[in-house]
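K.L.:
Next input, structure requested:
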Amino acid sequence: MNKHILCCIDLTHTKDAKNVILEAERQANIDGAKLTIMTVIPDYGSSWVGLFFKEGTLSDAANAASNTLKTLIKDTLPEHKGVKSVVEIGVVYEQVLHQIDKLKVDLIVLGAHKPNVLDHLMGPNAAHIVRSSPISSLIVRTQK
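P.N.:
I've put the predicted structure just below:
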């Protein structure tokens, strides 16, 4: 029985994100579990790259992502109350794995497009999360 489900979405793919959210809600409703929906925005990756952005840009991006995520949740799940939203900054799989431990979730729901040859060579975030996660994962296939 799941008590807390973590749903991870990519805000740049809204249609796919909605489908992943709906599946996460369906899973949460089965067991009466709490639902947290998160997204991760990438960090600059190096201090050198950060020199090209004015101070506060990353903070502004996180605030915009938070507002966008809350609106997406409200539009997708108008009847579902109490859904928590989380926006993190950094490497996607690292932040997701951190939230699994921090929130003590039982199931992670995330989207993944049908893999192609390039994905097998590079290893997408979803694959890394599934391989490294200490909990069960549910992959919702999305369009590419």
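K.L.:
and the residue nearest the centre of the chain, what is it in contact with?
P.N.:
Taking Cα atoms, centre = their mean, the centroid of the chain lies closest to C8, which sits 2.1 Å from it. Counting by Cβ atoms under 8 Å, 6 or more residues apart in numbering, C8 makes contact with 20, 37-40, 92, 96, 108-111, 129. Heads up, the C-betas are built off the backbone N, CA and C, glycines and all.
K.L.:
Which ones among these map onto helices?
P.N.:
The helices, defined by DSSP state H, take in 20, 92, 96, 129 from these.
K.L.:
Could you identify the most distant pair in those?
P.N.:
Using Cβ to Cβ, the ones in helices among the contacts of C8 reach their maximum pairwise distance at V20 and V92, which is 14.0 Å.
K.L.:
ok, back up a step: would TSV of the ones in helices among the contacts of C8 with distance to M1 and pLDDT be doable?
P.N.:
What follows is those, written out as TSV (distance: Cβ to Cβ, whole Å; pLDDT from 0 to 100):
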residue	distance to M1	pLDDT
V20	22	96
V92	28	90
V96	22	95
I129	22	90
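K.L.:
So if I had to pick from V20 and V92, which one is more boxed in?
P.N.:
Between V20 and V92, V20 has the larger neighbour count (other Cβ atoms under 10 Å), namely 25 against 21.
K.L.:
hang on, that one packs against C7?
P.N.:
Yes - in this structure, V20 is within contact of C7 by Cβ atoms under 8 Å, at 6.2 Å.
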